[in-house]
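Undergrad: Sequence plus predicted model, see below.
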Amino acid sequence: MRRLQRILALVFALAMIGAACGTDAESVDNAIEPSEEDSGSSGDGAEDEATSEDPDDSDDSAMEETVGFAGTIKFGAALSETGKFSVEGKDSRQGYDTWAEWVNNEYGGIKVGDDRYEVEIIYYDDESDADTAANLIQRLIDEDEVNFLLGPYSSGLTTGASAISEANGVIMVEGNGTSDSMFERGFENLFLVGTVASDYTKSGIEAMAASGATTAVIAYEDTSFPTAVAQGAIAHLEANGIELLATEKYPKDIQDVSAIMTKFRDLEPDIFIGGGHYNDAVLFANSAKELGFKPDAMLITVGPSNPKLVSELGDDVAGILGPTQWEASMAYEGDYFGTAGDYAAYYESLWGEAPVYQAASATASGMALMLAIESAGSLDTDAVRTALRGLDAEIFYGPISFDERGVNIGKPMGTVQIQDGEIKVIAPDKAAVADLVFPIGE
C-alpha cells in the first residue's frame with residue numbers, strides 16, 4: 001500500500017512541477033558554497049559520505065561518526081540564494097544555521113537515546129525556481145541521502161518540493177510555505193510550524209475594523225500563497241463588516257503596478273491590502289507615493305516586518321501594516337533559546353543583524369524536528385512522524401501543536417505597523433507593544 005501511495009504521490013509531484021511557471025532546471029548542479037561563518041552546515045553534498053539506509057528504515061547506524069559526537073544527522077534544504085526570493089532565502093538559511101550552531105555548540109547535539117549527534121545541513125541554490133527546487137530535493141534524497149528535509153522559501157517552491165519529499169517518504173518540516181492548498185493534499189510527511197496563509201490578515205483586519213474602517217481593495221499575485229492570502233482576506237473583511245470595493249489579480253514578477261494603484265486610488269478605499277512578496281511591497285509603496293494614493297491604511301503581506309524595507313524606503317512606508325509569524329518583542333518563551341528576545345540576541349550575535357520572522361520560522365522548523373527525533377529516540381520516519389503529530393511544545397517562537405493536516409494550530413498570527421521608523425506589534429492584543437495608528441498620519 002505504501003509503495004502505491006508513493007507512486008501516486010510521485011505522479012502528483014510531477015504534475016505540480018509541470019504546472020510551475022518560469023522554470024529552469026539547468027542549475028540543479030549549482031550548489032551553494034558555505035562561507036567560513038556557516039556553522040553546522042555543508043555546502044556541496046557530493047563531498048559528504050553517503051549513507052546506505054533508506055530514510056523509512058534508518059536507525060542509529062545511518063548516522064556518521066563525528067569527533068565529539070556519536071554521529072551526524074543529515075538535513076537537506078533547497079533555498080533561494082539567487083532570484084526573486086534571495087532576500088527571504090538568505091533569512092531562511094541564517095535561521096536554519098542558527099539552529100544548527102546552537103544545537104552543535106550550545107546544546108551539545110541532538111539526543112537520540114543515550115547519545116548525542118551533530119547536525120549537518122546540506123544546501124543547494126534553487127534560484128527561486130519551482131522546478132529547480134523540486135529537482136534539488138530529489139538530489140538531496142538520492143545522492144546526499146539526507147535523513148530529513150527543511151523547507152524552501154515560498155509556497156510556490158514548497159508545493160512541488162514537498163510533493164517530491166512525500167513521494168519518497170521523507171519528512172519535511174518548514175515555516176515559510178503557508179498556502180492552505182498545500183495542506184489539503186492529504187500528505188503525511190509535510191509539517192508547517194507557522195500559521196497558514198488564509199489567516200495572515202486576520203488580526204490586522206480585526207484591528208482596523210475596530211478603528212472604523214468600512215471599505216477595502218485587494219491586489220494579489222496570481223500564485224498560490226498570495227491567492228490564499230487574498231481568499232482569507234475576503235472572508236475576514238466580510239466577517240468584520242468591511243465592504244470589498246474591488247480585487248485585482250496580477251501576474252508573477254510584475255514590474256509595474258501603476259494601473260492597479262490608479263484604479264484603487266479613484267475608488268478611495270479605507271484599506272489597501274496587497275498579497276505578494278518583498279519585491280511587491282516595494283512596488284506597492286513606490287507606486288502609491290507616485291500616484292498620490294493615500295488610503296487610511298495599507299496592509300501588505302511580506303515586507304513591513306523586515307527592517308530592510310524601512311531602511312530602503314524610509315518615510316515612504318510609514319504606517320504600513322504587515323502580518324508577522326514572530327517578533328522578538330512577543331511574549332513567547334521555552335526551555336530552548338529562552339525568550340523570543342533571547343533568541344533574537346543569539347541570532348544577532350551570529351549574523352550582526354536582528355532576525356526577521358522568516359529566520360525565526362526556519363529556526364523553529366529545525367527545533368520541531370529536533371524535539372520529535374528526541375521524543376522518538378530514533379531516526380525511523382514512522383516514529384519521528386508520530387512524535388511530530390503528538391508534539392505539544394512551547395518555544396521562543398510560540399506554541400507548536402500540529403493538527404491532522406500537519407499545520408501548527410497552536411500559534412496565532414501577529415500584525416506589525418511601521419511607526420517612527422520602528423516595526424511594532426499592534427495585534428493581537430496579547431502580543432501588542434503599540435496601538436494601531438489609523439488613519440495613517442494621525
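TA: Everything's here; your move. Numbers count the residues shown, from 1 in each chain.
Undergrad: For Phe148, see how far away the spatially closest residue to Ser128 that is not a sequence neighbour is.
TA: Spatial nearest neighbour of Ser128, chain neighbours left out: Gly83 (2.7 Å); criterion: CB to CB, 6 or more residues apart in numbering. Backbone N, C-alpha and C define where each C-beta goes, glycine included. In this structure, Gly83 lies at 25 Å from Phe148, with CB to CB, to the nearest Å as the measure.
Undergrad: more neighbours, these two?
TA: Between Gly83 and Phe148, counted using other CB atoms under 10 Å, the more crowded position is Phe148 (26 against 18).
Undergrad: got the contact list for the more buried one?
TA: Neighbouring residues of Phe148 by CB atoms under 8 Å, 6 or more residues apart in numbering: 55, 73-76, 170-173, 369, 384.
Undergrad: Just the ones of those residues in strands?
TA: 73-76, 172-173 (DSSP state E).
Undergrad: just to revisit the earlier point, run through the residues that contact the residue nearest to Ser128.
TA: Here Gly83 is in contact with 89, 126-129 (criterion: CB under 8 Å, 6+ apart).
Undergrad: Kindly confirm my reading that it is in a helix.
TA: No: going by DSSP: H, G, I helix; E, B strand; the rest coil, the assignment for Gly83 is coil, not a helix.
Undergrad: Can you report phi and psi for the residue lying closest to Pro439 once chain neighbours are set aside?
TA: Excluding its sequence neighbours, the residue lying closest to Pro439 (CB to CB, 6+ apart) is Asp296, at 3.5 Å. Main-chain dihedrals, Asp296, degrees, to the nearest 10: phi -70, psi -20.
Undergrad: Could you save the contacts of Gly83 as JSON lines and add columns showing pLDDT and distance to Ser179?
TA: JSON lines is the format used below for these (pLDDT from 0 to 100; distance: CB to CB, whole Å):
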{"residue": "Gly89", "pLDDT": "97", "distance to Ser179": "17"}
{"residue": "Asp126", "pLDDT": "98", "distance to Ser179": "17"}
{"residue": "Glu127", "pLDDT": "98", "distance to Ser179": "20"}
{"residue": "Ser128", "pLDDT": "97", "distance to Ser179": "16"}
{"residue": "Asp129", "pLDDT": "97", "distance to Ser179": "17"}
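Undergrad: Highest neighbour count among those?
TA: That'd be Asp126 among these, by other CB under 10 Å, with 32 neighbours.
Undergrad: my guess is that one meets Thr132, correct?
TA: Yes: look at Asp126 against Thr132 with CB atoms under 8 Å: they come within range, at 4.8 Å.
Undergrad: overlap in contacts of those two?
TA: With CB under 8 Å, 6+ apart, Asp126 and Thr132 have common neighbours Ala78.
Undergrad: quick one, strands of the stretch 201-350 of the chain?
TA: According to DSSP state E, counting those that start in this stretch, the stretch 201-350 of the chain carries its strands in the segments 215-221, 243-250, 271-275, 297-300, 321-324.
Undergrad: Who does the third one pair with, and is each partner parallel or antiparallel?
TA: In its sheet, strand 271-275 lies beside strand 215-221 (parallel), strand 297-300 (parallel), with partners assigned from DSSP bridges.
Undergrad: Mean neighbour count, mean pLDDT and distance to Glu243 for those strands - can I get that in JSON lines?
TA: Listed next are those as JSON lines, based on neighbours: other CB atoms under 10 Å; pLDDT from 0 to 100; distance: least, CB to CB, whole Å:
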{"stretch": "strand 215-221", "mean neighbour count": "24", "mean pLDDT": "97", "distance to Glu243": "5"}
{"stretch": "strand 297-300", "mean neighbour count": "26", "mean pLDDT": "98", "distance to Glu243": "15"}
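Undergrad: can you put those in CSV and add distance to Ala364?
TA: Shown next, in CSV, are these (distance: least, CB to CB, whole Å):
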stretch, distance to Ala364
strand 215-221, 25
strand 297-300, 23
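Undergrad: Please, a PyMOL command that selects the buried ones among the ones in strands among the contacts of Phe148?
TA: What follows is the PyMOL syntax selecting those of the ones in strands among the contacts of Phe148 that are buried according to 16 or more other CB atoms under 10 Å:
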select buried, resi 73+74+75+76+172+173
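Undergrad: Tyr96: which of the ones in strands among the contacts of Phe148 is nearest?
TA: Closest approach between the ones in strands among the contacts of Phe148 and Tyr96, by CB to CB: Phe75, at 7.9 Å.
Undergrad: Among the ones in strands among the contacts of Phe148, which one sits closest to His277?
TA: Met172 (20.8 Å).
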